[in-house]
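J.: build me a model from this:
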Amino acid sequence: MGTVLTQARLKELLIYLPKQGLFVWRVSRGSVSAGSLAGSPHSEGYIQIQVDGDLYLAHRLAFLFMKGAMPIEVDHENHVRNDNRWVNLWAACRLTNMQNTSMRADNSSGKTGVSWDKRRRAWQIRIQIDGVETQLGYSDSLEEAIAIREAADLLSGFHANHGNAKP
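T.: Residues are numbered from 1 along each chain as shown. Purely as a prediction, here's the structure:
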């Protein structure tokens, strides 16, 4: 990696459109014309932009552009990796970012933290906060299990799949 990218340098080269989540080149450079969209798809679905010879993820550049620094992790609230609208991005610590993952594909209840326990023949309810899993109990009723988990989400201040409030 070359020199550390600053907000001032980023703003010399690019314009960030926060409502659209897009970057546009402010200046012509090589084969890129001023006014053209910046970035290309990353192998994991993110948008990457090359600035001064180094590749950066666009969601991290959005923070540098808007706030003057890049947090350690940036989370996409709606889980769409190429949706870099400012309202969709928030600084997150690793634990919070991991909590804000999508529901597992094999989830049978439709609610994060509620799963069928074959041995007990009941719905198991659990929540994970700051890396610590807490068992909330069991219920014969799926509706009751979901209600208990949603109450726990509200009490903990964490809303599964929506993350904590933006700082």
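J.: domain parsing for this structure?
T.: 7-94, 103-156 (automatic domain parsing).
J.: got JSON lines for those domains, with mean neighbour count and mean pLDDT too?
T.: To be clear about C-beta, it is placed using only N, CA and C from the backbone, and glycine gets the same treatment. Shown next, in JSON lines, are the domains of the chain (neighbours: other Cβ atoms under 10 Å; pLDDT from 0 to 100):
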{"stretch": "domain 7-94", "mean neighbour count": "16", "mean pLDDT": "91"}
{"stretch": "domain 103-156", "mean neighbour count": "14", "mean pLDDT": "82"}
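J.: quick check: residue 10 vs residue 77, distance?
T.: As judged by Cβ to Cβ, to the nearest Å, residue 10 and residue 77 stand 23 Å apart.
J.: err, residue 109, not the other one
T.: Distance from residue 109 to residue 77, by Cβ to Cβ: 23 Å.
J.: please apply the same query to residue 114.
T.: From residue 114 over to residue 77 (counting by Cβ to Cβ), the distance is 22 Å.
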